[in-house]
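**Student:** quick one, structure for this:
(2 chains)
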Amino acid sequence: MATNRSLSRPLGKTNLKKEIWRNRYFYLMLLLPMAFFIIFKYLPLYGLQLAFKEYMLNKGITGSPWIGFDHFKRMTVEPEFFVAFKNTIIISLYRIIFGFPVPIILALMINEVYFNRFRRFTQTILTFPHFLSWVIVSGLVLNMFGDSGVIKKVIALISPEMATNWNMLYSKSSFRSFLILTDIWKEAGWGTIIYLAAIAGIDPSYYEAATVDGCNRLQQIWHITIPGIMGIIVIQLLLRVGWVMEAGFDQIFNLYTPPVYPVADILDTYVYRITFGRGVSMDMGFPTAVGLFKNVINFVLIMTANSIARRAGHDGII
Amino acid sequence: MSTKRLLSLLVAMILLLGIIAGCGTSKEPDKTDPADPGDKEVVDKDKEDEEEPSTSDREIITVSMNVMDAEKNGNNPKMDYVKEKFGLEFEYWPVNWGDWNEKINNWISVNDTPDLIWWDLKGAQSNQYKTWAKQGAFTPIPYDMIAKYPNLQDRVDNMESFKHLEVDGELYAWPSSRRYDPMVKNTYTSVWLYRRDWAKEVGLYNEDDVYEWEEWKTLIKTVIEKDPGGNGAGNTAGLVMPPWAFPHASVLFIGSVPAEGNETCAYIKVDDEWVWPPTLDSYKEEVVETWKMYQDGLIWKDNMGFSGGEDEELFKGGRAFARYQGGVGVFNDFSKEMLENGVIEKDTDMGPAIVKDRNGDVWLTQTEDYWTVTAFSNKVDEEKMDRILEFWDFLNSEEGLLFNELGFEGQDYEIDANGEVKVLWEIDPETDRYVSPYADYAFGALTPATLVPEINHTAMEYGINEFVGLYEKLNELNFKVKPVNYDMAFFSAPEKDKYGNFGMDAKTKLSEIIANPNADPAAEWEAWVESMMPRVQPVLDELNEGLK
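**Tutor:** Numbers count the residues shown, from 1 in each chain, chains lettered A, B, ... in the order given. Have a look, this model is predicted:
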């Protein structure tokens, strides 16, 4: 109870030292995440100035000359930038609209499974794809959905005409759907964990009372389970909205091909190509400017979503 | 202290130390050191005893360099010899075909490079090289130091590219040899490696391996339909290409469209004005032809998703009819593997096809006279550079060339009274190929790949015949040449430096168009070219202004 006591009154310098000493092992454990955030999140902020500089190897980040907003002006004349920006927003929104509800629905369904063994088995099967990297998945996808893949061969047995027109991986009209579906297949199972944990935290007496009152399973889900996990749903949604500009580099980079660039090239893949692609002059400033632009938008979105959530009576994340 | 607390303390400390260690600037981590005595093989002891004592008491210098296949760390007597004689040992920084460019960019941008930086510099990207040189990423290679070494000086005197690689009068990168052959007018001999046995089986084989354009298309189509390899319906690929050559190799690169190196967008002069090739009607027509070939399935559709050596595996595995091959040094290697795996029955079941373009011409492309360059890191001091150049000079000597290719005289080869080299390696009776005792050897283990001109004493009769036969046929056909233009490739101006020749943009658009079965390829190409002109025209203006 020492911690609760300490939270209930202001701490003087001596008390603070005592509290820290008393909880020294927790603070020691805290060092690790703190080191992570300092090294990987805060120190790199120093490099943000490159967005306003022309980077020169011999002068380093600090010594390189300032060029104002030149990199940002370049964004306005590169047509590929706008395509990538639009795609980032669209693909992220698709992920939220179609992908976000799936783990919630799955968690509710898993929670209703009566046999424990079957429940665990299902959960394992659904969670497993999360542990495959997108590099592996892209190989599977090519072998299954490619022009010479298994799926096309099966379709050819059913409808040769449909198989002739098969162009799943290289078609602009189907690629975004394909992205969302593969993302759901890979990550939905993993996403259920947090919701199942939240469901486990709901007081069983609510269900008992509801059963006594004559509620069926669907009514219990609707009136007890969903409201019970609504706080977690809102937080998860806030986090997703705050990451709208992160449309899934790993997945897209491993799955996309030139024919689908117009619908699949997002800001991250665009930055990658203009930085490391062949035949381009590497320029650290422009990608940094794009990154900064992206993060400013993310920041505005997350603050807005947080504020809306609070006004709607939910806990925010800030 | 309770066990739990002690454990938590230990775990926290280990993780924290892990992070700190991970952030350090270690030079060792994922790099293999072939000269590490710890895992060095114990080689022929008797031989060691017989060897002359060290020719030098010089301190051993470790040279780091990026190589392919770094995991094949080449612990073998060659390395011992180099250490003994030249006081050099190597530390490898691994790269592969997929991440090579990316790693070089990363290393240079954070100024954490190996001593020898080896990369695939094309003339079209010389702007980047010049910027790096001006900004101090490299140590210049002084001409007076080169002059001490006659074999290196000879290279400087005889290779055109040296003067183009100068920045403000200093040389910052050493060009490797492209192994140009005057017999084919110093061109990059690209061919289709194809299955002769399949062509014979479908009754469309041409004895001279030369095919007219329509003949070639009919042959591919028939092979796919009749499936002589027995792969099953829909499983035989027609044409496959490495990712860098896809899809332009199928029509554009072997056709009349101007090209430079591996690209088809090198600016050319028409009526004394610089022109961007995609604006030409001939280019557009070949885009349409590529679209037709892709949509007809003559080009393997899943080639679109290849990112590594899938094309090579398909061909070697007997699934593909023809594979685009840049250069002609692979006949023995490919056929050896295919023989070993029972894909072909005899060497000559596979060979190079010469395909004429739609006008009946055969085109070959000149490139720069080098393939890849090597720069010295800005951390390399004079002593280290001098030692490396001394070693390179040896490797370029007659003895060094044989050492690089074969090994040691008396053990790996001998020279008879007529000066003929006789290889002493065993021959595998199954494949009729020499078995190298130095198989565990990275690509460019001693020096950045092809920096030393390759000689080929181990090529077997089949490979030599194919090689010579191909060159003779090309000459008989009076092949045409797409010439290299160093001045244009190395021309530097703000817009050209920023955008290059838009080669990747053209390749991307071409891929996008051919993948769409409902496309109107000509109209889409025209619209795209028009949309590109606001960025292309300033580059053309610079060329017209600065390179008359």
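**Student:** spell out which parts of the stretch 1-150 of chain A neighbour chain B.
**Tutor:** Contact residues (Cβ under 8 Å from any Cβ of the partner chain) of the stretch 1-150 of chain A with chain B: A:25, A:28-29, A:31-32, A:35-36, A:39, A:55-59, A:79, A:142, A:146-149. No exception for glycine: its C-beta is placed from N, CA and C like everyone else's.
**Student:** got the contact list for residue 302?
**Tutor:** You didn't pick a chain, so chain A it is. A:Leu238, A:Leu239, A:Val241, A:Gly242, A:Ile317, A:Ile318 (Cβ atoms under 8 Å, 6 or more residues apart in numbering or on different chains).
**Student:** actually chain B
**Tutor:** Counted by Cβ under 8 Å, 6+ apart, B:Asp302 has contacts A:Leu142, A:Gly146, A:Asp147, A:Ser148, A:Gly149.
**Student:** would TSV of these with distance to B:Gly203 and pLDDT be doable?
**Tutor:** Listed next are the contacts of B:Asp302 as TSV, based on distance: Cβ to Cβ, whole Å; pLDDT from 0 to 100:
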residue	distance to B:Gly203	pLDDT
A:Leu142	34	87
A:Gly146	31	89
A:Asp147	27	87
A:Ser148	26	85
A:Gly149	31	88
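**Student:** which parts of stretch B:146-154 are buried?
**Tutor:** With burial defined by 16 or more other Cβ atoms under 10 Å in any protein chain shown, the residues of stretch B:146-154 counted as buried are B:Ile146, B:Tyr149, B:Asn151, B:Leu152.
**Student:** compute the first-to-last residue distance for that stretch.
**Tutor:** Using Cα to Cα, to the nearest Å, one end of stretch B:146-154 lies 10 Å from the other.
**Student:** what does stretch B:185-192 give?
**Tutor:** This stretch, stretch B:185-192, spans 19 Å end to end (Cα to Cα).
**Student:** in it, what's buried?
**Tutor:** For stretch B:185-192, by 16+ other Cβ under 10 Å, it's B:Asn186, B:Thr187, B:Tyr188, B:Thr189, B:Ser190, B:Val191, B:Trp192.
**Student:** next SSE after the helix or strand containing B:Phe90?
**Tutor:** Following DSSP states H and E, one finds B:Phe90 within strand B:88-94. Under the assignment DSSP H and E, the closest C-terminal helix or strand after strand B:88-94 is helix B:100-109.
**Student:** buried stuff in that next one?
**Tutor:** B:Trp100, B:Asn101, B:Glu102, B:Lys103, B:Ile104, B:Asn105, B:Trp107, B:Ile108, B:Ser109.
**Student:** spatially nearest residue to the fourth one (excluding sequence neighbours)?
**Tutor:** It refers to B:Lys103. Leaving aside its sequence neighbours, B:Lys103 sits nearest to B:Val95 (Cβ to Cβ, 6 or more residues apart in numbering or on different chains; 5.3 Å).
**Student:** and what of the last one?
**Tutor:** Leaving out its chain neighbours, the residue that sits closest to B:Ser109 by Cβ to Cβ, 6+ apart is A:Met284, at 5.9 Å.
**Student:** is it true that that neighbour touches B:Val110?
**Tutor:** No: the criterion here is Cβ atoms under 8 Å, and A:Met284 misses it with B:Val110 at 9.6 Å.
**Student:** who's more crowded, the two?
**Tutor:** Set A:Met284 next to B:Val110 and count neighbours by other Cβ atoms under 10 Å in any protein chain shown: A:Met284 wins out with 22 against 11.
**Student:** ok, now which ones touch that one?
**Tutor:** Contact analysis of A:Met284 by Cβ under 8 Å, 6+ apart lists A:Leu50, A:Tyr55, A:Thr275, B:Ser109.
**Student:** isn't the first one right up against A:Gly285?
**Tutor:** Put plainly, it is A:Leu50. Yes: counting by Cβ under 8 Å, A:Gly285 is a contact partner of A:Leu50 at 5.0 Å.
**Student:** quick one: residues contacting the residue nearest to B:Lys103.
**Tutor:** If a contact means Cβ under 8 Å, 6+ apart, then B:Val95 has B:Asn66, B:Val67, B:Met68, B:Ala70, B:Lys103, B:Ile104 as its contacts.
**Student:** give me the distance between the closest residue in space to B:Pro494 that isn't next to it in sequence and B:Gly469.
**Tutor:** Spatial nearest neighbour of B:Pro494, chain neighbours left out: B:Glu542 (7.4 Å); criterion: Cβ to Cβ, 6+ apart. Counting by Cβ to Cβ, to the nearest Å, the separation of B:Glu542 from B:Gly469 is 45 Å.
**Student:** quick one on the thing from earlier: tell me which two of the buried residues of stretch B:185-192 sit farthest apart.
**Tutor:** Among these, the pair separated by the greatest distance (Cβ to Cβ) is B:Asn186 and B:Trp192, at 21.3 Å.
**Student:** show me where the stretch 151-300 of chain B has helices.
**Tutor:** All helices of the stretch 151-300 of chain B, identified by DSSP state H, counting those that start in this stretch, fall at B:161-164, B:196-201, B:213-226, B:281-295.
**Student:** Serialize the ones you listed to TSV and add fields for mean pLDDT.
**Tutor:** TSV is the format used below for the helices of the stretch 151-300 of chain B (pLDDT from 0 to 100):
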stretch	mean pLDDT
helix B:161-164	92
helix B:196-201	97
helix B:213-226	97
helix B:281-295	95
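**Student:** which one of these lies nearest to chain A?
**Tutor:** Distance to chain A, taken as Cβ to the nearest Cβ, is lowest for helix B:281-295 among the helices of the stretch 151-300 of chain B, at 9.9 Å.
**Student:** pLDDT score for B:Glu382?
**Tutor:** Predicted confidence (pLDDT) for B:Glu382: 96.
**Student:** show me the contacts for it.
**Tutor:** B:Met145.
**Student:** mind doing that once more with 10 Å?
**Tutor:** B:Thr139, B:Pro142, B:Met145 (Cβ atoms under 10 Å, 6 or more residues apart in numbering or on different chains).
**Student:** from these, list just the buried residues.
**Tutor:** Buried subset of those (neighbour count, 16+ other Cβ under 10 Å): B:Thr139.
**Student:** going by distance to chain A, which of the contacts of B:Glu382 wins?
**Tutor:** Out of these, the member with the shortest distance to chain A (by Cβ to the nearest Cβ) is B:Thr139, at 12.7 Å.
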